[in-house]
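# Next comes the sequence, and after it the predicted model I'd like to discuss.
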Amino acid sequence: MLDKIKDALSKAFEGAAHWFRRCAGADELGLWTLGAGVALIVLGRLTRAGWLTVPAAALYLLAIYRMLSHDVTRRREENRRFKQFTGRCGVAVSQWFNRVKNTRKYKYFRCPQCGARLRMPRGLGEKTVTCSRCGRSFRKKA
Ligand SMILES: [Zn+2]
């Protein structure tokens with residue numbers, strides 16, 4: 001009797017282990033989803049907006065669904081696109097911080113033809129600027 005129970009439990013654990021090995025697991029998108037859920041809970045507590053627990057719970061469920069999903073290819077593609085997006089956001093944020101940091105040293109402006117961001121040291125007076133992207137020349141005062 002005890003051996004039968006042991007065998008049944010062993011088979012159940014093996015089955016569960018096999019099932020969990022096929023799961024996609026945690027990735028960056030999953031962790032960010034959980035983090036956003038926690039942020040919503042904290043924000044809901046601070047602002048006494050209890051309804052924020054609903055989208056937070058939805059984010060938790062989405063994160064759990066993604067971690068337990070067996071469609072690993074699709075989950076990896078979603079994570080790759082998420083990382084690509086956050087990479088672009090990170091570059092944009094770091095460029096913005098650089099512009100704010102150096103705003104006393106440089107005058108920042110855009111090329112009137114192609115829209116490229118350009119800069120020139122402040123205090124030079126009016127100069128002819130040549131865009132490094134499209135090659136257009138124009139006068140600019142800094
Ligand atoms: Zn240009």
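Received, thanks.
# which residues of this protein fall in helices?
Assigned by DSSP state H, the helices in the chain fall at 2-21, 28-47, 53-68, 72-101.
# wait, what's in contact with the closest residue to Gly123 other than its chain neighbours?
Closest residue to Gly123 apart from its sequence neighbours, by CB to CB, 6 or more residues apart in numbering: Ala142 at 7.0 Å. Where you see a C-beta, it was placed from the backbone N, CA and C, and this is true even at glycine. Each residue near Ala142 by CB atoms under 8 Å, 6 or more residues apart in numbering is listed here: 106-107, 120-125, 127.
# and with 6 Å instead?
Listed by CB atoms under 6 Å, 6 or more residues apart in numbering, the contact set of Ala142 reads 107, 120, 122, 124.
# now Gln95
Gln95 neighbours (CB under 6 Å, 6+ apart): none.
# how close does it sit to Cys134?
With distances taken as CB to CB, to the nearest Å, Gln95 is found 19 Å from Cys134.
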